[in-house]
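K.L.:
Quick one, what's the 3D model for this:
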Amino acid sequence: MAGLRGRCRSLCGKKRRDGVRLNKFLQEAGVGSRRKAETMVAEGRVMVNNEPATPTTVVLRDDVVTLDGEVVTAAIAATPRLFIYHKPIDYLVTHDDPKGRPTIYDVMPKGMPTVVPVGRLDVNSEGLLLLTTDGRLAQYLMHPSSGFERTYRVRVFGELGNPALHKVSKGMRVQGVQYKPANIELEKKTDTGKNRWYRITLTEGKNREVRKIFMHFHCTVNRLIRVQYGPFKLGTLPKGVAMEVPTHQVKKLMADMEKADAKAPKARA
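P.N.:
As a prediction, the model looks like this:
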């Protein structure tokens, strides 16, 4: 139950005088995307004031929303909070793991509010992970249409020749999945000469995209570090440490998000 409460609590960035649709309320509370929220509602897992609801049910400020019997809280705050976190290797980016493996929430710095991750880094990857108190902001930062680039330093066993580098930069299909063009360059060889460091920047970040691209060219990734996400850089932030993004930067992101939603209100529905 504790894990569910953690997933359900979040902070939203504006007062609700006229209410908000249930699917949007659940998204802002960090439960998941609006589509996932709609699935939960269709399965009868969500109630508003102990009554069955639909995804478009309007939730007012004093309404009580429950998911599987647990209250979903969207407390009012002036501005959501956003953190840059240096994810260590060997930790899952999830609240609960059925196999009992360690997660980032097991080693989260003391005093952190309840947060949801912006995307994922797999268990064998490390580096910059954004964490936010607002599920809607997380969805905006992750959505491909927002155009936030992700930059990685990748150490591989093997080498990409010029034809391969050109192919990656133009976009390519791997095992039936189309990947958008990526900026990629060779950084340096390691001291042994058997491994090489590459820097690759993506605009989409599909599941295990970097590893699959290198694997396609018979290169084995043995270290993967995300060093930048949009305007946010990892820099010298120590592993396991979280640094809060200044409020004025978060407000700018929220303003950009509202503008994007106004131009294409159905794009993130």
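K.L.:
Buried residues in the longest strand anywhere in the chain, which are they?
P.N.:
Identified as the longest strand of the chain according to DSSP state E is strand 220-229. By neighbour count on 16 or more other C-beta atoms under 10 Å, the buried set for strand 220-229 is 221, 224-229. (Each C-beta comes from the backbone N, C-alpha and C, glycine too.)
K.L.:
same thing with stretch 89-102?
P.N.:
91-95.
K.L.:
Looking at those, which is nearest Pro144?
P.N.:
Val93 (19.1 Å; C-beta to C-beta).
K.L.:
where do the helices sit along the chain?
P.N.:
2-8, 22-28, 34-42, 135-142, 162-170, 209-216, 247-263 (DSSP state H).
K.L.:
Where does pLDDT dip in the stretch 1-150 of the chain?
P.N.:
Within the stretch 1-150 of the chain, the ranges that satisfy pLDDT under 70 run 1-19, 74-78.
K.L.:
between the longest strand of the chain and helix 209-216, how big is the angle?
P.N.:
Inter-element angle recorded for strand 220-229 and helix 209-216: 150 degrees (by axes from the mean of the first three to the mean of the last three C-alpha atoms, to 10 degrees).
K.L.:
Just name whatever secondary elements strand 220-229 is in contact with.
P.N.:
Judged by 3 or more C-beta pairs under 8 Å, 6 or more residues apart in numbering; DSSP states H and E, strand 220-229 is in contact with strand 126-132, strand 150-157, helix 209-216.
K.L.:
Just name the most buried of these.
P.N.:
Of these, the one with the most neighbours on average (mean count of other C-beta atoms under 10 Å) is strand 126-132, at a mean of 24.
K.L.:
Would you list the strands that it pairs with, along with their directions?
P.N.:
strand 82-87 (antiparallel), strand 116-117 (antiparallel), strand 220-229 (parallel) (DSSP bridges).
K.L.:
Need the contact partners of the longest strand of the chain.
P.N.:
Here strand 220-229 makes contact (C-beta atoms under 8 Å, 6 or more residues apart in numbering) with 118, 121, 124-130, 141, 148-158, 195, 201, 210-211, 214-215, 233-234.
K.L.:
now the angle between strand 150-157 and that strand, please.
P.N.:
160 degrees.
K.L.:
And the average pLDDT for stretch 183-192 is what?
P.N.:
Summarised as a single mean, pLDDT over stretch 183-192 is 80.
K.L.:
just to revisit the earlier point, so which of the helices of the chain is the most surrounded?
P.N.:
helix 22-28 (a mean of 26).
K.L.:
can you give me how far that one is from the chain middle?
P.N.:
17 Å (C-alpha atoms, centre = their mean, to the nearest Å).
K.L.:
Counting by contacts, list what that helix packs against.
P.N.:
helix 34-42, strand 46-48, strand 58-59, strand 65-67, helix 135-142.
K.L.:
so what secondary structure elements neighbour the first one?
P.N.:
Secondary structure elements in contact with helix 34-42, counted by 3+ C-beta pairs under 8 Å, 6+ apart, are helix 22-28.
K.L.:
outside of the helix it packs on, which residues touch it?
P.N.:
Counting by C-beta under 8 Å, 6+ apart, 10, 12, 20, 32-34, 37-38, 40-41, 46, 48, 53-59, 65, 67, 72, 74, 134-136, 139, 269 sit against helix 22-28.
K.L.:
rerun at 6 Å
P.N.:
Defining contact as C-beta atoms under 6 Å, 6 or more residues apart in numbering, one finds that helix 22-28 is touched by 12, 34, 37-38, 53, 55, 57, 59, 74, 135-136.
K.L.:
Same check on stretch 194-211?
P.N.:
144, 149-157, 159, 180, 182-189, 221.
K.L.:
In TSV, list the strands paired with strand 126-132 along with distance to Met172.
P.N.:
Listed next are the strands paired with strand 126-132 as TSV, based on distance: least, C-beta to C-beta, whole Å:
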stretch	distance to Met172
strand 82-87	27
strand 116-117	27
strand 220-229	17
